[in-house]
Structure formats: structure tokens, C-alpha cells
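[1] here's my sequence, what's the structure:
(4 chains)
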2 protein chains.
Amino acid sequence: MDRIALYPACPVDLSSKSEYALLALLELSPHYASGEPLQIRQIASQQNIPDRYLEQLLATLRRAGLVKSQRGARGGYLLARDPWKITLYDVVSCIEGFEPQADPTQVSNTPEAQVIQGVWGEVRQAAEGVLHKYTLQDMVEKRNAQQQVDIMYYI
Amino acid sequence: MDRIALYPACPVDLSSKSEYALLALLELSPHYASGEPLQIRQIASQQNIPDRYLEQLLATLRRAGLVKSQRGARGGYLLARDPWKITLYDVVSCIEGFEPQADPTQVSNTPEAQVIQGVWGEVRQAAEGVLHKYTLQDMVEKRNAQQQVDIMYYI
DNA sequence: TTATACTCCGGTTCTCCACTGGGGTTTGCA
DNA sequence: TGCAAACCCCAGTGGAGAACCGGAGTATAA
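    Alright, predicted model coming up:
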């Protein structure tokens, strides 16, 4: 079964990789306090993510130091630090593989190019600003609030 | 020769299509007043863009109503309206093929998905806000200012 | 009429995304 | 000690899109 897009083709093209990673971390957040690891299978079935694919994403998140893994029987994944100390930027940048910055010497330097660089940089900063603003904890709280709204509509 | 990126892999991934299109329109802007068309070849060689590729982009811009074309000998392209009446959003959205919006019924509606949609939308709006802010005329003026700076450094 | 330009169509190479699969290694527990 | 449950690593695949190239056709100024 193919996935349903959260959001259609976007100027800011946050791929489903980022969505999946975020969903997984949202799933892990409530378990941070207890220290109990969660298994890939559980996360995958809960959020409807292909498990073998999620495995790769979690490996990336682990290498970036956002989650820890517990090998062997009864192992799994858990958040490496408090959910309010992980921003969406942390998640997206490591999954999407943001480069640090442009090396100005490697870049075209006609006046036109420099002007476009400036604006492109502004767009980038605007987008990153939003991602810097939210932590995993914020997202969890938003989700809980949303859940209340959904229940109200259901009644 | 392969192109040199204006900006490295960007969260907001504005492809070289957008860059090329913008460069071309920047080239056309000063000729708007005179009404003299500019040929693909001239634009391409001036801005170092593969001409056959630029041709496709200009065709897209024409279909979007941003430029007009004059066929036959001494033909070429010219801006369809004043450079201060064309925003960067106009350019990027038609080149990048932005969709109008998400169809909410087509979209996952778990609480998690809705929350992520919300944030993704914020990121999108932040990025688009910057693109809405600038017109071609602004870019031309920025370029001229930049040119002055370059000359100062050169001396 | 002819050279010059755009127009339309197709193909090509490359990279990335979104997966899938096949091994291997570590670890808790009976 | 053995074994199954979990992570770990590597490799490949299919499709889509980016970034081109090329050719045949069409309009138009001179």
C-alpha cells in the first residue's frame, strides 16, 4: 500500500523521510520518562510506516545522536535526550542531510548570482526559523490538544 | 561544463530550474521598456545557461503568462508585464509547479498527521512569504547595487 | 524565398526517494 | 548453552524528476 501524503508537493519539500522520522520520534517521546525502549515493529505498525524503511531512518537518527538503540531480545529504540531538547530542525536537518553552508569560493559570483543567493538564503532562514521554533515536546502537546478536538467532533 | 550551484542543498530546495528562470527574467527586465525582444541564445550565453534547456523554461514561463514570445527572424522573448508586477513567487511557483493546496479528504487525518500538516504549512508559508515579498524590479535594483559593491572591491 | 528565430516532440543520463531483501551480530531468558 | 528476538549493515529495484540533447516543424522579417 502506498502512503498518503501528509502534504502535497511543497515549495519547501520536506520528504516523507522527515515525516516518518518525526512520527517515530513522536511515538518515542512519551516513553522517554520510563526509559523503556520501543521496537521498530511497534512504531511502524502504530504509524503505518514500512518497517524496513523506518529501520534505516532510525539508524540515521541514532548516528545523529537523537535516539539510542538497545540491541538483542527486548531491545528497541529510545530518545537520547528530553523531548523538549530536540527541535524539529534537529530532526529534519539530520534526515534531510542539510549541508552546513555554502562555501563562497565554490559558488558563482556574478552580481546576479549573489543577489539570488541572498534571497535563497532568506527563504532558507525563514523555513529553518519555523523548524527551530518547535520541540518534540511541543508537537506532543499539540497532538494531545488535537486529539481532544477530534473527540469533540466525534461526539 | 556542469553548473555551479548558487546555493547548496537547501531545506527549501529551489532547483536550478528556478535559478535559470530567474536569471533569464532578470536579463529581460531592462529590455521591457524598449519592447525589444531578446533571443534565447543571448540570454543563455550571457548567464551561462544551456540554451536548449532554457528554451523549455521560457516556454513554461510563456504558458504562465510571464513572458511573451516573438517568432521568426529578429524574434525572441520579452516580459509580458512590468518587472515590478512580477514577484519571485510568480516565477518559482510556475516553474516548480506548486499545487494550489492539499485536498483535506485525500490526506491522512490522524492527530499526529494533522499536527505535522500544521507545521509543514507554517514552513511553507514562511518560505512563500519571502518569495511574495520581492519583485523582479527589486532584484534588478539589488543587482545594480551589488555591482557597485563589486566595483568598489575591484578598485 | 530564405535565414532566423521559436515550438513541439522525443530520448538520455543521472540522482534521489521509497522501498524490499538477505544476510549478520548482539542480547535476554529458559 | 541454545535460541529467538531484536538491532545492524549492505545491496538492489522501480519510479519520478532534474538537467539536459537533438531533430523536425512553423512563423516571420528582410
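[2] gap between residue A:75 and DNA strand C?
    Distance of residue A:75 to DNA strand C, computed by Cβ to the nearest atom of the strand, to the nearest Å: 6 Å. Placement of C-beta: from N, CA and C, glycine included.
[3] tell me the pLDDT of the nearest residue to that residue once chain neighbours are set aside.
    Using Cβ to Cβ, 6 or more residues apart in numbering or on different chains and skipping the chain neighbours, the partner closest in space to residue A:75 is residue A:37 (6.0 Å). pLDDT for residue A:37: 97.
[4] stretch A:32-46 close to DNA strand C?
    No. If you take Cβ under 7 Å from any atom of the strand as the test, stretch A:32-46 misses DNA strand C, and the best it gets is 9.4 Å.
[5] for that stretch, list every residue counted as buried.
    Buried residues in stretch A:32-46, counted by 16 or more other Cβ atoms under 10 Å in any protein chain shown: A:32, A:37-38, A:40, A:43-44.
[6] roughly how far is the host helix or strand of residue A:142 from the heart of the chain?
    If you go by DSSP states H and E, residue A:142 is part of helix A:136-154. Centroid separation for helix A:136-154 versus its chain: 18 Å, with Cα atoms, centre = their mean, to the nearest Å.
[7] equivalent analysis for stretch A:134-148, please.
    14 Å.
[8] how about it: buried residues?
    Across stretch A:134-148, burial judged by 16+ other Cβ under 10 Å covers A:134-140, A:142-143, A:146.
[9] pick the one among those closest to residue A:65.
    Of all these, residue A:65 sits closest to residue A:136, with 14.2 Å by Cβ to Cβ.
[10] right, and that closest one touches residue A:81 too?
    No. The criterion here is Cβ atoms under 8 Å, and residue A:136 misses it with residue A:81 at 9.7 Å.
[11] mind listing the helices for chain A?
    Under the criterion DSSP state H, chain A carries helices at the ranges A:16-28, A:40-47, A:51-63, A:88-96, A:111-133, A:136-154.
[12] with only the CA atoms kept, save the second one in CSV.
    Yep, that's helix A:40-47 we're talking about. The C-alpha trace of helix A:40-47 is given here as CSV (Å, rounded to 0.1, in the frame of the first residue of the first chain):
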residue,chain,number,x,y,z
ILE,A,40,10.7,-0.7,15.3
ARG,A,41,7.8,-3.1,14.6
GLN,A,42,5.6,-1.4,17.2
ILE,A,43,6.3,2.1,15.9
ALA,A,44,5.9,1.1,12.3
SER,A,45,2.6,-0.6,12.8
GLN,A,46,1.3,2.2,15.0
GLN,A,47,2.2,4.9,12.5
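[13] I'd like the average pLDDT over that helix.
    Here the average pLDDT along helix A:40-47 is 96.
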